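# Take a look and give me a structure for this.
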Amino acid sequence: MSESSSTTSEGLAGSARSHPVFARVYTRVAEMSERRGGAEHRRKLLAGLSGRVVEVGAGSGANFSHYPTSVSQVVAVEPETYLRERAQQTAATAPIAITVVEGGADLLPGEAESFDSGVVALVLCTVPDQQRALAELFRVIRPGGELRFYEHVVAHSKWESRFQRLADATFWPHVAGGCHLARDTTAAIEHAGFHFETCERFTFSPAAFLPPDPHILGVARRP
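Numbering: from 1, shown residues only. All right, here's what the predicted structure looks like:
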């Protein structure tokens with residue numbers, strides 16, 4: 001949920017979003033998730049990164065402590081006011097230089113091909129227009145650069161995917177900050193023009209009161 005979490009990449013850059021109740025609830029769930037294995041997923045997500053990185057939907061900064069020192073700079077985009085303030089506090093103690101900015105996934109900061117890599121972690125479930133967000137990432141990542149992704153996705157089984165779609169059409173986006181359970185993010189990444197190098201699929205539950213969902217974690221490259 002990070003973009004969900006933050007409602008994190010909704011809107012144009014420069015348009016602050018405020019979802020104070022959800023942002024605080026999400027922060028607590030994210031802390032539970034880290035203890036249940038989420039921290040290891042984030043470590044794997046970021047291992048080996050280098051150069052200049054844009055992170056979309058940074059939330060409260062859960063990724064920040066996992067960036068390797070080979071990264072020269074992170075520009076972390078977060079539209080939700082409370083989460084952005086938390087991320088700025090977290091960035092102050094990070095092992096690398098991180099600049100937290102207000103903005104959304106549909107209009108990222110930076111010139112075309114100005115980043116070596118892009119990072120999305122539990123974000124693409126919530127962006128209002130997933131293909132537009134991925135098109136923006138494709139624009140700002142240089143040719144040969146990487147998209148690192150860690151997302152929950154639609155299930156393969158018919159009964160589970162039907163439940164996900166029913167939840168998306170009724171209550172779930174309203175209680176989960178705009179999150180959608182049934183997005184086929186794997187296909188969306190490929191459709192945006194990225195080429196998969198690795199894509200691990202697994203189930204994970206971020207909290208004891210939430211059922212396990214299918215997740216993907218891996219690397220796609222901009223040709």
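# Restricting to C-alpha, output stretch 51-59 in CSV.
Once non-C-alpha atoms are left out, stretch 51-59 reads as follows in CSV (Å, rounded to 0.1, in the frame of the first residue of the first chain):
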residue,chain,number,x,y,z
GLY,A,51,23.6,6.3,-8.8
ARG,A,52,20.6,8.7,-8.7
VAL,A,53,17.2,7.3,-7.7
VAL,A,54,13.6,8.5,-7.7
GLU,A,55,11.3,6.9,-5.2
VAL,A,56,7.5,7.3,-5.8
GLY,A,57,5.1,7.2,-2.9
ALA,A,58,7.8,7.2,-0.2
GLY,A,59,5.2,7.2,2.6
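# can you give me the offset of it from its chain's centre?
9 Å (CA atoms, centre = their mean, to the nearest Å).
# Could you give me the buried positions within that stretch?
The neighbour-count check on stretch 51-59 (16 or more other CB atoms under 10 Å) flags 52, 53, 54, 55, 56, 57, 58, 59 as buried. Where C-beta positions appear, they are placed from N, C-alpha and C, glycine not excepted.
# what's the helix or strand for residue 137?
Element membership for residue 137 (DSSP states H and E) is helix 130-140.
# Mind listing what's buried along that helix?
The neighbour-count criterion (16+ other CB under 10 Å) identifies 130, 132, 133, 134, 136, 137, 138, 139, 140 as the buried residues of helix 130-140.
# do the same with stretch 29-49
Within stretch 29-49, the residues that count as buried by 16+ other CB under 10 Å are 29, 30, 33, 34, 38, 41, 42, 44, 45, 46, 49.
# Show me the longest helix that occurs in the chain.
In the chain, with assignment by DSSP state H, the single longest helix is helix 20-33.
# before we move on, back to that, just checking, what packs against the helix holding residue 137?
strand 51-56, strand 115-121, helix 185-191 (3 or more CB pairs under 8 Å, 6 or more residues apart in numbering; DSSP states H and E).
# if we can go back for a sec, closest to residue 82 among the buried residues of stretch 51-59?
Of all the buried residues of stretch 51-59, residue 82 sits closest to residue 59, with 10.1 Å by CB to CB.
# Now do the SS call for that closest one.
Secondary structure, DSSP: H, G, I helix; E, B strand; the rest coil: residue 59 is coil.
# Distance of it relative to residue 127?
Computed as CB to CB, to the nearest Å, the residue 59 to residue 127 distance reads 13 Å.
# what's the answer for residue 111, then?
Separation of residue 111 from residue 127 (CB to CB) stands at 21 Å.
# Looking at the two now, which is surrounded by more residues?
Shown here are residue 111 and residue 127; by other CB atoms under 10 Å, residue 127 has more neighbours (28 against 8).
# The more buried one is in contact with residue 106, isn't it?
Yes - with contacts counted by CB atoms under 8 Å, residue 127 reaches residue 106, the gap being 7.3 Å.
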